[in-house]
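In: one predicted model, sequence on top.
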Amino acid sequence: MPTDSYKLGPGTLTLGTAPSDQEFSMQLTNCRVEPSENVDEGEDLNLLDGSTLAGDDNVTYDAVLAGTAVQDLISTGFTAYCWANAGELVDFLFVPVTARPEGTVEGQCRITPITVGGDVKTRNTADFSFACPELPTFTPETLP
């Protein structure tokens, strides 16, 4: 099987549920979904015969939707969306490359406000990291 690779963009990030969902790709310089593994190691049991029964591990997965956004001060922009929806659990759809629309990640994330301000006389950006309570769904592209 040949190796496949891609460059991020042009792509899209949509937050919310239709018909009031909003697309923010025009403000992002970086976007990614970062999964993580959480392991709760079960306790081993020592048995009378001197052997040990291994504990059961409980493994779960979650993720963050993270990236960097160009700050703005307008009511319809990413900054205002994050402040207005702070604490809300919203749907998201991330399409890393719109020319390959089958390769997507979708799920839910909890919005947090992003930074406002920064260095003088520069275009300020803000990093964001929105927790996903469950592992989002990755739908790979089907190659012919």
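Out: Yep, that arrived.
In: what about the helices in the chain?
Out: Ranges of helices in the chain, per DSSP state H, are 78-84.
In: farthest residue from the center of it?
Out: Farthest-out residue of the chain from its mean C-alpha position, per C-alpha atoms, centre = their mean: residue 49, at 48.7 Å.
In: ok, the residue nearest in space to the middle of the chain to residue 5 distance?
Out: Against the mean C-alpha coordinate of the chain, by C-alpha atoms, centre = their mean, the closest residue is residue 65 at 1.6 Å. Counting by C-beta to C-beta, to the nearest Å, the gap from residue 65 to residue 5 is 22 Å. All C-beta atoms are positioned from the backbone trio N, CA, C, and that covers glycine.
In: got it, and residue 100?
Out: Residue 100 is 11 Å from residue 5, where distance means C-beta to C-beta.
In: between the two, which one's more packed in?
Out: residue 100 (14 against 4; other C-beta atoms under 10 Å).
In: that one touches residue 141, doesn't it?
Out: Yes: in terms of C-beta atoms under 8 Å, residue 100 counts as a neighbour of residue 141; the distance is 5.3 Å.
In: give the contact list for the closest residue to residue 103 other than its chain neighbours.
Out: Take residue 103 and drop its neighbours on the chain: the residue closest to it by C-beta to C-beta, 6 or more residues apart in numbering is residue 141, 4.1 Å away. Contacts here follow C-beta atoms under 8 Å, 6 or more residues apart in numbering; on that basis residue 141 touches 100, 102, 103.
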